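> Predicted model follows, preceded by the sequence.
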Amino acid sequence: MSATPSLKGSCHCGATRFEVTAPPEEVTRCNCTFCSKRGPLWAYYAPEQVKFTSREQVGTYDRNAPVAHHHCQTCGCGTWTDVPLFENDAIVPGRFKVGLNSRLFDDFNLDAVRVVFLDGRNLW
């Protein structure tokens, strides 16, 4: 993690705060049953690119393990997801990426990045 992160974000109440090394070049819109009801646009990072500066009141929904969705139990914002790393359409055991809800980034023009579609309804 660089000394000066490129981008910060938080849930609505500030109980969950994070910093990343660079703004996303693209975000992902997933149509799985969870994401389609929740509405996030995921910005994916390697774990070492994300620094959580506060993780108070975190709730976790992991019905679709190994995917684990996290949210703030105070304000209800969906904050981040731990997602297994895929290579050649297969899960790489023990390796994950962090999906941050890009709607939570501070001072970021989400309209300026490409939105990629993921057919999570049929992938998971």
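Arrived safely, thanks for sending.

> Please point out which parts of the longest strand along the chain sit buried.
Longest strand in the chain by number of residues (criterion: DSSP state E): strand 90-101. Neighbour-count burial for strand 90-101 flags 96-101 (criterion: 16 or more other Cβ atoms under 10 Å). From N, CA and C alone the C-beta is placed, and that goes for glycine too.

> Low-confidence bits of the protein, can you list those?
1-5, 124 (pLDDT under 70).

> For it, just list every one of the helices.
33-38, 120-123 (DSSP state H).

> for the shortest one, packing partners?
Right, the one you point to is helix 120-123. helix 33-38 (3 or more Cβ pairs under 8 Å, 6 or more residues apart in numbering; DSSP states H and E).

> Extract the CA atoms of the helix it packs on and return them as PDB.
In PDB, the C-alpha atoms belonging to helix 33-38 read as follows (Å, rounded to 0.1, in the frame of the first residue of the first chain):
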ATOM      1  CA  THR A  33     -29.800 -12.800  -7.000                       C
ATOM      2  CA  PHE A  34     -27.900 -11.000  -4.200                       C
ATOM      3  CA  CYS A  35     -26.300  -8.200  -6.200                       C
ATOM      4  CA  SER A  36     -29.400  -7.500  -8.400                       C
ATOM      5  CA  LYS A  37     -31.300  -6.800  -5.200                       C
ATOM      6  CA  ARG A  38     -28.500  -4.900  -3.500                       C
END
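
> related to what we said a few turns ago, the helices of the chain: which one's closest to Val58?
Val58 sits nearest to helix 33-38 of all the helices of the chain, at 15.6 Å, using Cβ to Cβ.

> Show me what that closest one is in contact with.
Applying Cβ atoms under 8 Å, 6 or more residues apart in numbering, the external contacts of helix 33-38 come out as 29-30, 42, 61, 64, 69, 78, 120-121.

> Going by neighbour count, which residues of it are buried?
Buried-residue list, helix 33-38, by 16+ other Cβ under 10 Å: 34-35, 38.
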